[in-house]
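>>> coordinates for the following, if possible.
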Amino acid sequence: MGINSVAVVADLGESFGNYTIGDDDALLGLVTSSNIACGFHAGDPRIIDRTVAECVARGIELGAHPGYPDLVGFGRRLIEASEEEIRTDVLYQLGALDAFARVHGGTISHVAPHGRMGSIAQTDAKHARAITDAIAAYNTDYIVICQRGLLAEESRKRDLEVGYVFLADRGYGDDGMPVPRSHEQGLVHDPGLIGERGVQVVREGTVRSVNGNVVPLGHDADVLLLHGDHPTVLENGTALRAALDAADVRVTGLRDVLAEKAEVALPR
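Numbering: from 1, shown residues only. The predicted structure follows:
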């Protein structure tokens, strides 16, 4: 695979008002990067403010996690929206998170579209164009975190750098892509297995599918993602970090990972 480093990211700030999702304080001790909800699928101004402030204080990369305006469905339902609506919704959310980043002396590193918006953008040209148009118009320095597919292709058309993500706590099919959450193996509940898989994808670029087959991902694993609302996310994150450390895989920020990849790719 060429490099021996990876970023670890978690979805953070996904509570809302009096409702708490996940244990952000504990997760912040396990990650190098953050995907912060921007107020549409989760998050509110107070939660965004606290999450950004804590990430900046700990030196954790800030990432925008824009999604559909779908609090009830947590952004995991398909919303029939026009390309213009998707573009402006993403732009709105980037601006919201950037305001808090500036106030706390931080900068946004990357954008990771959330939930159904992010998954459908892998295969739907309208979503891929709208999301990348918004990012490119706002700041071309932002990295786009995604899997292989149209979102990665449209990002590159707009000279946006791509960071390929592996969903550490999700089951994968024989096509090297995550199976639906509704699948009986859609979520991985064994922390030890999550650690083993993390090392495997970094070192070999493969994953064992829900059918028991070893399949290629078709891309590097630049960042390993932990879902903040997974019921055993803290155990998963602890096991993942322990497995990476035991395998001498360097855990660092996403920008460092991509810089190392670029250095390896340079002709000698």
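>>> quick one, longest strand in this protein?
Longest strand in the chain by number of residues (criterion: DSSP state E): strand 5-12.
>>> return the set of buried residues in the next helix or strand after it.
Once the chain leaves strand 5-12, the next helix or strand it forms, by DSSP states H and E, is helix 24-27. By neighbour count on 16 or more other Cβ atoms under 10 Å, the buried set for helix 24-27 is 24, 27. The C-beta positions use only the backbone N, C-alpha and C, and glycine is treated the same way.
>>> then stretch 235-244?
By neighbour count on 16+ other Cβ under 10 Å, the buried set for stretch 235-244 is 236-241, 243-244.
>>> Ile3: which of those is nearest?
Set against Ile3, the nearest of these by Cβ to Cβ is Leu244 (13.2 Å).
>>> I'd say the closest one and Ile194 touch.
No: assessed by Cβ atoms under 8 Å, Leu244 is found out of contact with Ile194, at 10.8 Å.
>>> who touches stretch 124-140?
The contact list for stretch 124-140 (Cβ atoms under 8 Å, 6 or more residues apart in numbering) reads 66, 83-84, 86-88, 90-91, 94-95, 98, 108, 111, 113, 117, 120-122, 142, 144, 149-151, 153-155, 157-160.
>>> the longest strand of the chain pairs with which strands, parallel or anti?
strand 33-37 (parallel), strand 223-226 (parallel), strand 250-251 (parallel) (DSSP bridges).
>>> pick the most deeply packed of these.
With neighbours defined as mean count of other Cβ atoms under 10 Å, those peak in mean count at strand 33-37, which reaches a mean of 29.
>>> got the buried residues for stretch 100-116?
By neighbour count on 16+ other Cβ under 10 Å, the buried set for stretch 100-116 is 100-101, 104, 106, 108-116.
>>> now do stretch 38-48
By neighbour count with 16+ other Cβ under 10 Å, stretch 38-48 contains the buried residues 38-43, 47-48.
>>> re the thing from before, and the buried residues of stretch 235-244 as JSON lines, adding secondary structure and pLDDT?
Converted to JSON lines, these look like this (DSSP: H, G, I helix; E, B strand; the rest coil; pLDDT from 0 to 100):
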{"residue": "Asn236", "secondary structure": "helix", "pLDDT": "91"}
{"residue": "Gly237", "secondary structure": "helix", "pLDDT": "92"}
{"residue": "Thr238", "secondary structure": "helix", "pLDDT": "94"}
{"residue": "Ala239", "secondary structure": "helix", "pLDDT": "96"}
{"residue": "Leu240", "secondary structure": "helix", "pLDDT": "96"}
{"residue": "Arg241", "secondary structure": "helix", "pLDDT": "97"}
{"residue": "Ala243", "secondary structure": "helix", "pLDDT": "97"}
{"residue": "Leu244", "secondary structure": "helix", "pLDDT": "97"}
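>>> which two from the residues you listed end up farthest apart in space?
So, the buried residues of stretch 235-244 by Cβ to Cβ: farthest apart are Asn236 and Leu244, at 12.5 Å.
>>> with just CA atoms, put stretch 50-63 into CSV.
Taking Å, rounded to 0.1, in the frame of the first residue of the first chain, the C-alpha atoms of stretch 50-63 are listed here in CSV:
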residue,chain,number,x,y,z
ARG,A,50,-18.3,23.0,22.7
THR,A,51,-17.2,20.3,20.3
VAL,A,52,-15.1,22.7,18.2
ALA,A,53,-13.5,24.2,21.3
GLU,A,54,-12.6,20.9,22.7
CYS,A,55,-11.1,19.6,19.4
VAL,A,56,-9.0,22.8,19.0
ALA,A,57,-7.8,22.5,22.6
ARG,A,58,-6.7,18.9,22.0
GLY,A,59,-5.2,19.4,18.6
ILE,A,60,-7.7,17.3,16.8
GLU,A,61,-8.4,18.1,13.1
LEU,A,62,-11.8,19.7,12.5
GLY,A,63,-14.0,18.2,9.9
